[in-house]
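Q: Return atomic coordinates for the entry below.
(chains A and B)
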Number of protein chains: 2
Amino acid sequence: MEKITKISIDMMGGDFGPEVTVKGLNHAFKKLENVQANLFGNENDINSVLKKYPSLIPKVRIHHTETFVPMDAKPTDAVRRIGKESSMWLSIDSCAKKESDVVLSAGNTGALMALSKIILRTIDNIERPAITALWPNPNGDSVVLDLGANIDVSSNQLVQFGIMGYAYAICVLKKENPKIAILNIGHEDTKGSNDLQEASERLSLIFKNNFIGFVEGDDLSKGTSDVIITDGFTGNVALKTAEGIAQLMAYYTFNTLKSSLAGKLGMFIAQNSFRSLKNKIDPRGNNGGFFLGLNGLVVKSHGGTDFIGFASAIEFSINLARSEISEKIRDLIGDNI
Amino acid sequence: MEKITKISIDMMGGDFGPEVTVKGLNHAFKKLENVQANLFGNENDINSVLKKYPSLIPKVRIHHTETFVPMDAKPTDAVRRIGKESSMWLSIDSCAKKESDVVLSAGNTGALMALSKIILRTIDNIERPAITALWPNPNGDSVVLDLGANIDVSSNQLVQFGIMGYAYAICVLKKENPKIAILNIGHEDTKGSNDLQEASERLSLIFKNNFIGFVEGDDLSKGTSDVIITDGFTGNVALKTAEGIAQLMAYYTFNTLKSSLAGKLGMFIAQNSFRSLKNKIDPRGNNGGFFLGLNGLVVKSHGGTDFIGFASAIEFSINLARSEISEKIRDLIGDNI
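A: Got it, this is the predicted structure:
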């Protein structure tokens, strides 16, 4: 018999709560085999949606929680004031206790990171976890980290990010020979801060030709490298900038076409193509990020996502749990730090 | 009689030299009145293209130079090894000597910045000049700085960037009441480094309600603020990331449409709309950046631009020269630093 993969879900996270999380779970579990879910949140709220999906009921176990972390809570409040009874805390805790293989929340990112660090702690010799996400390019995806957990990072931490990203590229993206690069403002060795230059020297000793040096912002979307590492400030600005430009381009495209009769007719005839384009650039298909470097796998879905986006985050989480990424990170860190 | 606006042009800059710069000059000067140009570069090379445009000849003066700064030269080489005889050096120098109102080059950005700092020096009480550019949004453009001149910036320098951007928004963008913001990884006051927080406090004292606080990467394309300031590392990564995403989106759009017959037919019918879209997002229309904070106006055109892009950089330069931005920066700095 196949091993069952278990996921803990913070059902109260996100802007819409169980209405979206339960529907998303049903959508995802119809496609997945050998899965079970531990659901954390208000039992009544969860059951009132769950009863619409009877086939889902045998695959879930509800853990009633009295409180949850609001979307606008400060991380310190999530830790101290709201504390150990929230759906977010308890879902992470179940992962720490090995009752689940992965935890998923659409809640507040800062709170999720703060609780994850306290409850799961970092892998030995990893100083800080990193927010990680996939960045699309014409040939697939690159893995980019850190996207906002650490404003200031040392060369040591950058090296650790490189190792974690490499492990992800091997174990989850299934790349045989992943390339690693550091985000900088030029390709030359002399560019950037001392920390970037030190990290570059150390990564080239560890990864030899798999470390390709410095890349620039436009390389993120070109697939120049499978793994691109950066500090959390730069990474977060780059990610949000990309979201803004994608929206602006979509605005330009549809507004320009809608402004003429020929444009409207062209759009009407090509409507299937536009739909497939929309799916391609739909953030719901590549929903959210994940935290690397902890003794446990934590996935963060977008707070404003709908059930399709949440379902894709569930599929992503199960896939992550079935990889051997944590073991790979421990091996690589042990050999190189 | 109208005052004549004079521009000094490094004719040897860019990937294509006089072939593009002279043709671009002709294209721009057909539209502009009361303009003259001081052209720096190889006289024979310039003349061999110039003879195709006889109406341009009375409006230009050629200053023969023996050398030029190659596109891949290091800034230190441009200063020391190539030195004072290059077309780049002499075109900036003519601006320092008030023989021109603005200088334009499509050459190497690092070299242009290094020579500009040495020859023009910064405005009193401005520590370092900033690379500045316009960032499109659905309602117009925002001015963003620094985009790569300064990796590490102090809170002082950020305040100076704010003042320079504000002056630009008033004098060139003709905004009556420009808003200023600092790029950060969240809107809350507690986000970001100490330097960002100090700069925020000082800018809110100087600009009162015109300072709107922290914005995020996606605000760059939303027009949330007329002026957005950042350090040169983050700004450069954001700019290049935006270029990469715009290319990726264009790739997705055209590839998706081309992949089906209906898509192709739709594109054919809407071809004028697509052409107008292409013009809208064409980087040649908003070509390059400019340096703020120097005793002289320096405009940097993209190195790989064609004559249309170079012509638009000439128009941009003349418009900048006709504004009173340098006076405005001096006034504001005098009152506030």
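Q: Next, count neighbours for the residue nearest to A:I269 when sequence neighbours are not counted.
A: Among residues not flanking A:I269 along the chain, B:G266 sits closest, at 4.1 Å (C-beta to C-beta, 6 or more residues apart in numbering or on different chains). Yep, even glycine has a C-beta here, placed from its N, CA and C like the rest. Look at B:G266: counted by other C-beta atoms under 10 Å in any protein chain shown, it has 26 neighbours.
Q: Quick check: phi and psi at B:G266.
A: phi -60, psi -40 (degrees, to the nearest 10).
Q: Pull the contacting residues for it.
A: Contact analysis of B:G266 by C-beta atoms under 8 Å, 6 or more residues apart in numbering or on different chains lists A:L265, A:G266, A:M267, A:F268, A:I269, A:A270, A:Q271, A:S273, B:L257.
Q: Report the contact partners of the fourth one.
A: So the one you mean is A:F268. B:G266.
Q: Need the per-residue pLDDT for it.
A: Note on A:F268: pLDDT of 79.
Q: Let me know the helix or strand that it is in.
A: A:F268 belongs to helix A:261-269 when assigned by DSSP states H and E.
Q: Surely A:L112 and A:L104 touch.
A: No: using C-beta atoms under 8 Å, A:L112 is not in contact with A:L104; the gap is 9.9 Å.
Q: where exactly do the helices run in the stretch 201-337 of chain A?
A: Along the stretch 201-337 of chain A, counting by DSSP state H, counting those that start in this stretch, helices occupy A:232-258, A:261-269, A:271-281, A:307-322, A:325-336.
Q: For the fourth one, buried residues please.
A: By that I understand helix A:307-322. Neighbour counts over helix A:307-322 (16 or more other C-beta atoms under 10 Å in any protein chain shown) mark A:307-318, A:320-322 as buried.
Q: just to revisit the earlier point, per-stretch mean pLDDT over the helices of the stretch 201-337 of chain A, give me the minimum one.
A: helix A:271-281 - the lowest mean pLDDT of those, at a mean of 72.
Q: contacting residues for the spatially most central residue of chain A?
A: Closest residue to the average C-alpha location of chain A: A:G289 at 1.4 Å, with C-alpha atoms, centre = their mean. For A:G289, the contact set (C-beta under 8 Å, 6+ apart) comprises A:I131, A:T132, A:A133, A:L147, A:V299, A:K300.
Q: now, among those residues, which is nearest to chain B?
A: A:L147 (9.3 Å; C-beta to the nearest C-beta).
Q: Assign the closest one to helix, strand or coil.
A: Secondary structure state of A:L147, per DSSP: H, G, I helix; E, B strand; the rest coil, is coil.
Q: Over to it: give its phi and psi.
A: phi -110, psi 20.
Q: To what extent is it buried, counted in neighbours?
A: 25.
Q: can you check A:I269 too?
A: The number of residues near A:I269, taken as other C-beta under 10 Å, comes to 20.
Q: And A:S259, by the same measure?
A: 12.
Q: same thing with A:L277?
A: Neighbour number of A:L277 under other C-beta under 10 Å is 22.
Q: residues contacting it?
A: B:Y252, B:T253, B:T256, B:L257.
Q: Give me the subset of those that also touch chain A.
A: B:Y252, B:T253, B:T256, B:L257 (C-beta under 8 Å from any C-beta of the partner chain).
Q: how about those residues in JSON lines, adding neighbour count?
A: As requested, these are exported to JSON lines (neighbours: other C-beta atoms under 10 Å in any protein chain shown):
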{"residue": "B:Y252", "neighbour count": "18"}
{"residue": "B:T253", "neighbour count": "22"}
{"residue": "B:T256", "neighbour count": "21"}
{"residue": "B:L257", "neighbour count": "23"}
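Q: Which two among these are spaced furthest apart?
A: Using C-beta to C-beta, these reach their maximum pairwise distance at B:Y252 and B:L257, which is 9.5 Å.
Q: And the strands in chain A?
A: A:5-10, A:35-41, A:60-64, A:102-105, A:130-137, A:140-145, A:180-183, A:211-215, A:227-229, A:289-292, A:298-300 (DSSP state E).
Q: so which of the ones you listed is the most packed in?
A: A comparison of the strands of chain A by mean neighbour count, using mean count of other C-beta atoms under 10 Å in any protein chain shown, puts strand A:102-105 on top with a mean of 30.
Q: in its sheet, what does that strand sit against?
A: When sheet partners are counted by DSSP bridges, strand A:102-105 sits next to strand A:5-10 (parallel), strand A:298-300 (parallel).
Q: Distance-wise, check A:K84 relative to A:E66.
A: Remark: distance between A:K84 and A:E66 (C-beta to C-beta, to the nearest Å) = 11 Å.
Q: hmm, I was thinking of A:L145
A: Counting by C-beta to C-beta, the gap from A:L145 to A:E66 is 35 Å.
Q: cool, A:F268 as well?
A: A:F268 is 52 Å from A:E66, by C-beta to C-beta.
Q: Likewise for A:N108?
A: 18 Å.
Q: Comparing these two, which residue is more hemmed in?
A: A:N108 (24 against 9).
Q: can you give me phi and psi for the residue nearest to that one when sequence neighbours are not counted?
A: Distances taken as C-beta to C-beta, 6+ apart place A:M71 nearest to A:N108, at 5.3 Å, with adjacent residues excluded. When quoted as degrees, to the nearest 10, the phi and psi of A:M71 stand at phi -60, psi -30.
Q: A:M71: neighbour count?
A: For A:M71, the count of nearby residues is 15 (other C-beta under 10 Å).
Q: Hmm, A:S105 and it touching each other?
A: No: contact criterion C-beta under 8 Å: A:M71 and A:S105 do not qualify, at 11.0 Å.
Q: shared neighbours of the two, anything?
A: A:G14.
Q: sorry, back to before: just put the ones next to chain A among the contacts of A:L277 in JSON lines and tack on distance to B:Y168.
A: Below are the ones next to chain A among the contacts of A:L277 laid out as JSON lines (distance: C-beta to C-beta, whole Å):
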{"residue": "B:Y252", "distance to B:Y168": "34"}
{"residue": "B:T253", "distance to B:Y168": "33"}
{"residue": "B:T256", "distance to B:Y168": "38"}
{"residue": "B:L257", "distance to B:Y168": "38"}
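Q: Closest one of the residues you listed to A:L120?
A: B:Y252 (36.9 Å).
Q: first to last residue in stretch A:132-147, what's the distance?
A: End-to-end distance for stretch A:132-147, by C-alpha to C-alpha, to the nearest Å: 6 Å.
Q: is it anywhere near chain B?
A: Yes: contact of stretch A:132-147 with chain B (C-beta under 8 Å from any C-beta) involves A:P136, A:N137, A:P138.
Q: re earlier: if I pick the residue nearest to A:N108, what's in contact with it?
A: Residues near A:M71 by C-beta under 8 Å, 6+ apart: A:G14, A:D15, A:G107, A:N108, A:G303.
Q: tell me, how many neighbours does the last one end up with?
A: This points to A:G303. By other C-beta under 10 Å, neighbour count at A:G303 equals 16.
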